[in-house]
Each structure stands twice: as structure tokens, then as C-alpha cells.
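J.: pasting the sequence and the predicted model now:
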Amino acid sequence: MALHSAGLLPFSRVDGQLRVFIVHMGGPFWGHRDDGGWSLAKGMYTPGEETPEDAALREFHEEVGVAPPVGELIDLGEVRLSSGKRVRGFAVEASEELAFVESNTFEVEWPRRSGRIKTYPEVDRADWFDLEVARTKVTLGQVPLLDALEKILA
């Protein structure tokens, strides 16, 4: 059974330039990576128990620490990551005053097989980037969601 995830991509237009708000994934796996270590604020959901829209809004609040921007959600479609996970993206227009506050956390054994459990934030920071820079920052599998936003807004 495929895993389903949904994420929110706030965007703004500044002097005619499209900018997006993305998050840097936290924890020992991503902490050292910049390019390829960013993502839409996203998380898992179970189809039939929660809509992807509701999941995207919930996960944004959990990972960024503020209420998601209010506005019309633009469906960016779904991508399938190399892991097999399906990610459905939604965009929403937002003010560039939007900023990272605090993320929820997760526990993981680290270093692996050490027997030590450590707690890490799911997201350690977030920021605004123009679309070209964002394409280098997000994981490769999420680039089509950025492309979809650009095409829809063109």
C-alpha cells in the first residue's frame, strides 16, 4: 500500500517575481544538507480518514508553528517519490511576513544501533526563495510541484 502525504506551498509575488515558502527538514539525516534538503511543509495522512487539503493545513501548522495562510488552495497535483510515497501539493498565496516559529519533534535512535534515542525537530528552519533557487533546494521529487505552480500562475 502506498504512503500518502500532503503539503502546503505558500507563495507570493514580489515585483513580478514568484517566491515560495519552503521548510528545511530537521534531524540527523538532513541537518547537514542544504540543496536537496528542503521541502513543502508536508506529512502523512490516510485517505478516507482525512482529506489531503486538511492534512496539508494540519502539517503546515505542526511543522512551521503558525496557522497556515488563509486563502484559496490551488491543487498542484501529486508526485510519486523514489521511495514510493505519494505527495499531493497545494499552494496558497501568502504575505512574506510569514515566518518559521517552531516545529513539532520526532524521536530516532542516533547514531544508528547506538541504543540512544534523541529528539529532533521535524523542521529546523523555513524561508522564502525565488522559484529558481527553490528548485535547487527542494528534494528532486518535489520539483514538479514547483513547476506546476509556475504553470498554473502563468
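T.: Everything's here; your move. Numbers count the residues shown, from 1 in each chain.
J.: can you tell me the element residue 57 falls in?
T.: helix 52-64 (DSSP states H and E).
J.: what packs against that helix?
T.: strand 4-14, strand 41-45, strand 86-93, strand 123-130 (3 or more CB pairs under 8 Å, 6 or more residues apart in numbering; DSSP states H and E). All C-beta spots, glycine's among them, are computed from the backbone N, C-alpha and C.
J.: closest one to residue 146 among those?
T.: strand 4-14 (7.7 Å; CB to CB).
J.: got TSV for the helices and strands packed on helix 52-64, with distance to residue 21 too?
T.: Formatted as TSV, the helices and strands packed on helix 52-64 follow (distance: least, CB to CB, whole Å):
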stretch	distance to residue 21
strand 4-14	4
strand 41-45	8
strand 86-93	10
strand 123-130	5
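J.: against residue 8, how distant is the residue nearest to the spatial centre of the chain?
T.: For the chain, the residue nearest the mean C-alpha position is residue 40 (1.6 Å; CA atoms, centre = their mean). According to CB to CB, to the nearest Å, residue 40 stands 6 Å off from residue 8.
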